[in-house]
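K.L.:
Pasting a predicted model and its sequence here:
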Amino acid sequence: MRFGKLAALQRRDVDLEGSFVQVRRAQAEPQSGKLEVKAPKREAGVRTVSFPASLVPEIKEHMRIFGEDGRTGLLFVGPKGGRLRRNNFHDTWTAALKGARVKGVHFHDLRHTGNSLAATGGATTRELMTRMGHSTVRAAMIYQHLVGGRDQEIADHVDRLIKKSKKVKRPKGDGDSPDSDKIN
């Protein structure tokens, strides 16, 4: 997700049993400096995003320690407990990178990494569009191109399916020889 959508997430948006987040609103920081929380710019921005179930313990712990209380409590708050802003998040992000001994990673790179992993996991263009909240294929195609060269992987997958189907015993039909490898 983009920063503004993460900053607007509330406890009620996270389903830990189902391992998904409902993206329903976004936080914007206009030039006036007054934060605005509203529906995402486009209809495609309102969506459900599944996350790996193995992250549930970390998300629970984060919500317990850092999240606000109550169903409408924010998941992410600033260092003084207020709404998260880009400028107050920058220092936190920089400290986290330093602690992890990582350099040159921008927050938005996490979105890029997640979508790249989804693409390498076999997500279709439509699935990537839905996960990212896009209504056009342009951005999703960036991630599809990242997994170019998977032709051999695809052929190997089909090969495994063929081999698996050959191991299944089929009933003999009229006139079939015992050695027949008939494709049904």
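P.N.:
Perfect, thanks for sending it. Residues are numbered from 1 along each chain as shown.
K.L.:
Now do the helix-or-strand element of the chain with minimal mean pLDDT: which elements does it pack against?
P.N.:
The weakest-scoring helix or strand in the chain, judged by mean pLDDT, DSSP states H and E, is helix 137-146 (a mean of 74). Using 3 or more Cβ pairs under 8 Å, 6 or more residues apart in numbering; DSSP states H and E, the elements in contact with helix 137-146 are helix 108-120, helix 125-132. C-beta coordinates here come from the backbone N, C-alpha and C atoms, glycine included.
K.L.:
ok now it, how far from the chain's centre?
P.N.:
Offset of helix 137-146 from its chain centre (Cα atoms, centre = their mean, to the nearest Å): 15 Å.
K.L.:
Restricting to C-alpha, output that helix in PDB.
P.N.:
Extracted in PDB, the C-alpha atoms of helix 137-146 (Å, rounded to 0.1, in the frame of the first residue of the first chain):
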ATOM      1  CA  VAL A 137      -2.900  -2.400 -16.700                       C
ATOM      2  CA  ARG A 138       0.100   0.100 -17.100                       C
ATOM      3  CA  ALA A 139       1.500  -0.300 -13.600                       C
ATOM      4  CA  ALA A 140       0.700  -4.000 -13.300                       C
ATOM      5  CA  MET A 141       2.600  -4.600 -16.500                       C
ATOM      6  CA  ILE A 142       5.800  -3.300 -14.900                       C
ATOM      7  CA  TYR A 143       5.700  -6.200 -12.500                       C
ATOM      8  CA  GLN A 144       4.700  -8.700 -15.200                       C
ATOM      9  CA  HIS A 145       7.800  -7.700 -17.200                       C
ATOM     10  CA  LEU A 146       9.900  -8.300 -14.100                       C
END
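K.L.:
Now that helix: buried residues?
P.N.:
140, 143 (16 or more other Cβ atoms under 10 Å).
K.L.:
Residues contacting it, please?
P.N.:
115-116, 118-120, 123, 125-126, 128-129, 132, 134 (Cβ atoms under 8 Å, 6 or more residues apart in numbering).
K.L.:
any chance of the helices and strands packed on helix 137-146 in TSV, with distance to residue 96, mean neighbour count and mean pLDDT too?
P.N.:
As requested, these are exported to TSV (distance: least, Cβ to Cβ, whole Å; neighbours: other Cβ atoms under 10 Å; pLDDT from 0 to 100):
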stretch	distance to residue 96	mean neighbour count	mean pLDDT
helix 108-120	11	15	85
helix 125-132	23	18	87
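K.L.:
which stretches of this structure aren't confidently modelled?
P.N.:
144-152, 154, 169-184 (pLDDT under 70).
K.L.:
repeat that for 90
P.N.:
1-2, 29-33, 39-45, 51, 78-82, 86-92, 108-184 (pLDDT under 90).
K.L.:
That one - how does it break down into domains?
P.N.:
When the chain is parsed with automatic domain parsing, its domains come out as 3-100, 106-162.
K.L.:
start to end distance for the last one?
P.N.:
This means domain 106-162. Using Cα to Cα, to the nearest Å, one end of domain 106-162 lies 44 Å from the other.
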